[in-house]
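Chemist: I would like to see how this sequence folds:
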Amino acid sequence: MRKSIAVLGLGKFGSSIARNLMKGGAEVLAVDKNEDLVREIAEEVTCAVCADVSDQEVMNSIGLEEMDALVIATAEHLDASVMALMIAKEIGVPYILAKADGKLKGEILTRVGADEIVYPEEEMGARIANNLLGGRMTDLFDLSADTSIVKIPVQKSWVGKSLAEIDFRGKYHINVIAIESNRGVDGAPNPIEPLKKEDNLILIGKKDYLEKLR
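Modeler: All right, here's what the predicted structure looks like:
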């Protein structure tokens, strides 16, 4: 069954989430009080509505009770986020994710009832800083608070050795899940094939161990 998810606030963050949810197969209700933003995304989501998310009467009329989850992407306006959150909780939306642009705002939204808080600017800043400090290791994405998937070029000491010889799991406590080469990405790499200097390794592991490798 397709998930139904509402996105309140269609700035860069909200509209990006709405579009990617659609690509992922969800049914998406996109809401914003800015008519231009609603018009811009209307053909890319299931339903786009121009509405004030802090207006309880309006929120009660747009079908939130049918949603499996709700994304509140109005971080710049804490009052609107709080009102939307309170109304959604009263309506009975089972899962609510809210964007915050600071820890204090995040704490307030948590206390009001948000199930999850995200800090996109802070997380992106940390990711970029890690990439700069970590040489050529690239953070691809986080799987959880303590586990990530990253891409790293083959180090000089690994060239000519196989995955089995290097023993990433035993030596580094990290798993190699793919190898990127000039032939493309191999999701089932041969453990006895020698690594080449132009290869990139896709690794998964605990962030602490990845940091040590970095």
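Chemist: hey, let's count contacts and neighbours off CA atoms from now on
Modeler: Noted.
Chemist: quick check on the residue in the chain sticking out farthest from the centre: phi, psi?
Modeler: Note on the chain: the largest C-alpha distance from the chain mean falls to Gly160, namely 35.8 Å (Cα atoms, centre = their mean). Taking degrees, to the nearest 10, you get phi 90, psi -10 for the backbone angles of Gly160.
Chemist: sec struct for the residue nearest to it when sequence neighbours are not counted, please.
Modeler: Leaving aside its sequence neighbours, Gly160 sits nearest to Pro194 (Cα to Cα, 6 or more residues apart in numbering; 4.7 Å). Under DSSP: H, G, I helix; E, B strand; the rest coil, Pro194 falls in the coil class.
Chemist: got a list of what Gly160 touches?
Modeler: The neighbourhood of Gly160, defined by Cα atoms under 8 Å, 6 or more residues apart in numbering, consists of 194-196.
Chemist: what mean pLDDT does stretch 30-45 have?
Modeler: If you average the pLDDT over stretch 30-45, you get 95.
Chemist: can you tell me the element Pro94 falls in?
Modeler: According to DSSP states H and E, Pro94 maps onto no helix or strand at all.
Chemist: again with the one 4 residues further on
Modeler: Using DSSP H and E, Ala98 falls within strand 96-99.
Chemist: and which of the contacts of Gly160 is nearest to Thr147?
Modeler: Distances from Thr147 to these, taken as Cα to Cα, are shortest for Leu195 (24.9 Å).
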